[in-house]
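K.L.:
Prediction below, plus the sequence it came from.
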Amino acid sequence: MYLIYILQGSVNLSQYAVGSALLKAGVIAGGDMTTEAVATKLAYLFGRIDSPQRVGELLQADLRGELTQLSANGQFGGSTRPGSDPIISRL
């Protein structure tokens, strides 16, 4: 999980060499989640789901308002209603 704190905007990992290398290595971008949100989310997901791939997918989904969703151009900025995904709501 890759986290970075910025005051405004977003970070596009694929735009820079280091970020591209991280993505190729399988690092998941944490978007605008705080370290505390990531730790809590990991504990919650691993306590309920056995598949590391599924945990990785759900880490990138907004479960309860902890993450601003990616817009169509791959940038963080769109928002969703927390818990609106029917798959996530079954967790």
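P.N.:
That came in fine, so what should we check first? Numbering: from 1, shown residues only.

K.L.:
Going by C-alpha atoms from here, please, whenever you check contacts or count neighbours.
P.N.:
Noted.

K.L.:
Beyond the helix or strand harbouring Ala43, next helix or strand please.
P.N.:
Assigned by DSSP states H and E, Ala43 falls within helix 35-48. The first helix or strand that comes after helix 35-48 along the chain, using DSSP H and E, is helix 52-59.

K.L.:
list the buried ones in that following helix?
P.N.:
Neighbour-count burial for helix 52-59 flags 55-56, 58-59 (criterion: 16 or more other Cα atoms under 10 Å).

K.L.:
contacting residues for Val27?
P.N.:
1-2 (Cα atoms under 8 Å, 6 or more residues apart in numbering).

K.L.:
Could I get the phi/psi values of it?
P.N.:
Backbone geometry at Val27, expressed as degrees, to the nearest 10, gives phi -70, psi 140.

K.L.:
host element of Val11?
P.N.:
Using DSSP H and E, no helix or strand contains Val11.

K.L.:
any idea how far it lies from Gly47?
P.N.:
Distance of Val11 to Gly47, given as Cα to Cα, to the nearest Å: 29 Å.

K.L.:
for Arg64, same thing?
P.N.:
Counting by Cα to Cα, the gap from Arg64 to Gly47 is 17 Å.
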